[in-house]
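**Q** Next come a sequence and a model predicted from it.
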Amino acid sequence: MKRLVMILPLLVFLMVAVVLYRGLFLDPTELPSAMIGKPFPAFSLPDVQGERTLTQADLEGRPALVNVWGTWCVSCRVEHPVLNKLAEQGVLIYGVNYKDDNAAALKWLAEFHNPYTLDVRDEQGTLGLDLGVYGAPETFFIDAKGVIRHKYVGVIDETVWREQLAPIYQGLVDEARP
């Protein structure tokens, strides 16, 4: 019994050390999402421009990125020029303006250009909540049927796009070809 009492703290320490060591190799941009493999959540929200009401059906038909952004998000400002470049190259991007002031969003898009084919106004954060959004920027990859196939948390820069995300998007595009 005395031996067990002496060894127990050592065993607890070793277990904690193993858990912490494993954590050193985890990717913080890979947050698990319960939405992978599920259809994009149902919604009916206005677009940022105030021209029409959008639903999840508007996002179907072609593979796309759905980028959650806000004018209050410093990282979104860093990511935005890359999204503009991707849109110019033909990447289909939909936006979800998350928990934001619409006047600020309109000013942002006028000033920094608009890479979004459609831009959903989610002022209350209901769509973001249904998507399981932690913050911004977060980007979901949807297939032509509107099923969420991948989620990326963090800033998409040129290296991240080229090395990680472009192959995922291209795979969805190839899959959608008849």
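**A** Received it, and whenever you're ready, just let me know what you need.

**Q** What is the subsequent helix or strand relative to whichever strand or helix holds residue 22?
**A** Following DSSP states H and E, one finds residue 22 within helix 2-23. Per DSSP H and E, the first helix or strand lying C-terminal to helix 2-23 is strand 44-46.

**Q** got the buried residues for stretch 148-159?
**A** For stretch 148-159, burial by neighbour count (16 or more other CB atoms under 10 Å) applies to 148-156. (Glycine included, C-beta is placed from N, CA and C.)

**Q** Any regions of this structure where pLDDT drops low?
**A** Counting by pLDDT under 70, the chain has low-confidence residues at 1, 4-5, 8, 10-14, 16-17, 19-21, 23-32.

**Q** let's see 50
**A** Within the chain, the stretches with pLDDT under 50 are 29.

**Q** which stretches of it form strands?
**A** 44-46, 53-55, 64-69, 93-98, 118-122, 138-142, 148-153 (DSSP state E).

**Q** Between the ones you listed, which one is closest to residue 18.
**A** strand 148-153 (25.9 Å; CB to CB).

**Q** Show me the contact partners of that closest one.
**A** 28-31, 33, 35-40, 134, 137-143, 160, 164-165, 168, 172 (CB atoms under 8 Å, 6 or more residues apart in numbering).

**Q** Give the pairing partners of it; include direction for each.
**A** strand 138-142 (antiparallel) (DSSP bridges).

**Q** thought residue 83 was touching residue 67?
**A** Yes: with contact defined as CB atoms under 8 Å, residue 83 counts as touching residue 67 (6.4 Å).

**Q** So which of the buried residues of stretch 148-159 is the closest to residue 114?
**A** Nearest member of those to residue 114, counting by CB to CB, is residue 156, at 16.4 Å.

**Q** The closest one contacts residue 79, correct?
**A** Yes: here residue 156 reaches residue 79: they are 5.4 Å apart, a contact under CB under 8 Å.

**Q** Now list whatever residues contact both of these two.
**A** Contacts common to residue 156 and residue 79, judged by CB under 8 Å, 6+ apart, are residue 137.

**Q** still on that earlier bit, what is in contact with residue 83 and residue 67 at once?
**A** Shared contacts of residue 83 and residue 67 (CB under 8 Å, 6+ apart): residue 93.

**Q** what about residue 58, how many residues close to it?
**A** 16 (other CB atoms under 10 Å).

**Q** Distance check, it against residue 66.
**A** 11 Å (CB to CB, to the nearest Å).

**Q** Quick check on residue 133: phi, psi?
**A** phi -70, psi 130 (degrees, to the nearest 10).

**Q** got a list of what it touches?
**A** 68, 98, 125.

**Q** Wait, the last one touches residue 97, no?
**A** Meaning residue 125. No: in this structure residue 125 lies outside contact range of residue 97 using CB under 8 Å: 10.5 Å.
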